[in-house]
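**Student:** quick one: sequence and predicted model below, then my questions.
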Amino acid sequence: MDADCAAGRNRLIRLDIVLTAASFAIAPFNLLAGIMGENLVIPPFLTTSVDRFWVLNGCAFLMCLLFFYSIITYMRWRKLI
């Protein structure tokens, strides 16, 4: 019975680590959304075209994926998950 509880606890800890890594990886995108959503003077090269908006969001999305992949890879290398 104790082994089942320990295994379940280990799975929950691993899930918590992955969810924490995912929330940390999304932070740069949230920062970008916060900056773009404020009533600030944004440089014209970002706001003159809708295509540039999508490119900027695409770059932020790729950066979030890179952060998440690197965090998960590091945790697997350290045998945390």
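**Tutor:** Good, I have the coordinates. Numbering: from 1, shown residues only.
**Student:** tell me which element residue 59 is part of?
**Tutor:** When elements are assigned from DSSP states H and E, residue 59 belongs to helix 50-77.
**Student:** elements contacting the lowest-mean-pLDDT helix or strand in the chain?
**Tutor:** Least confident helix or strand, the chain: helix 44-47 with a mean of 73, by mean pLDDT, DSSP states H and E. Under the contact criterion of 3 or more C-beta pairs under 8 Å, 6 or more residues apart in numbering; DSSP states H and E, helix 44-47 touches helix 50-77. Glycine gets a C-beta too; all of them are placed from N, C-alpha and C.
**Student:** neighbouring contacts of stretch 43-57?
**Tutor:** The contact list for stretch 43-57, computed with C-beta atoms under 8 Å, 6 or more residues apart in numbering, reads residue 32.
**Student:** start to end distance for that stretch?
**Tutor:** 16 Å (C-alpha to C-alpha, to the nearest Å).
**Student:** low-confidence ranges, this protein, go.
**Tutor:** For the chain, the stretches flagged by pLDDT under 70 are 1-4, 40.
**Student:** excluding its backbone neighbours, what's nearest residue 17?
**Tutor:** Distances taken as C-beta to C-beta, 6 or more residues apart in numbering put residue 81 closest to residue 17, at 5.6 Å, once the chain neighbours are dropped.
**Student:** closest to the centroid, which residue in the protein?
**Tutor:** residue 25 (1.9 Å; C-alpha atoms, centre = their mean).
**Student:** enumerate every residue touching the residue nearest to that one when sequence neighbours are not counted.
**Tutor:** Among residues not flanking residue 25 along the chain, residue 68 sits closest, at 3.6 Å (C-beta to C-beta, 6+ apart). With contact taken as C-beta under 8 Å, 6+ apart, residue 68 is in contact with 21, 22, 25.
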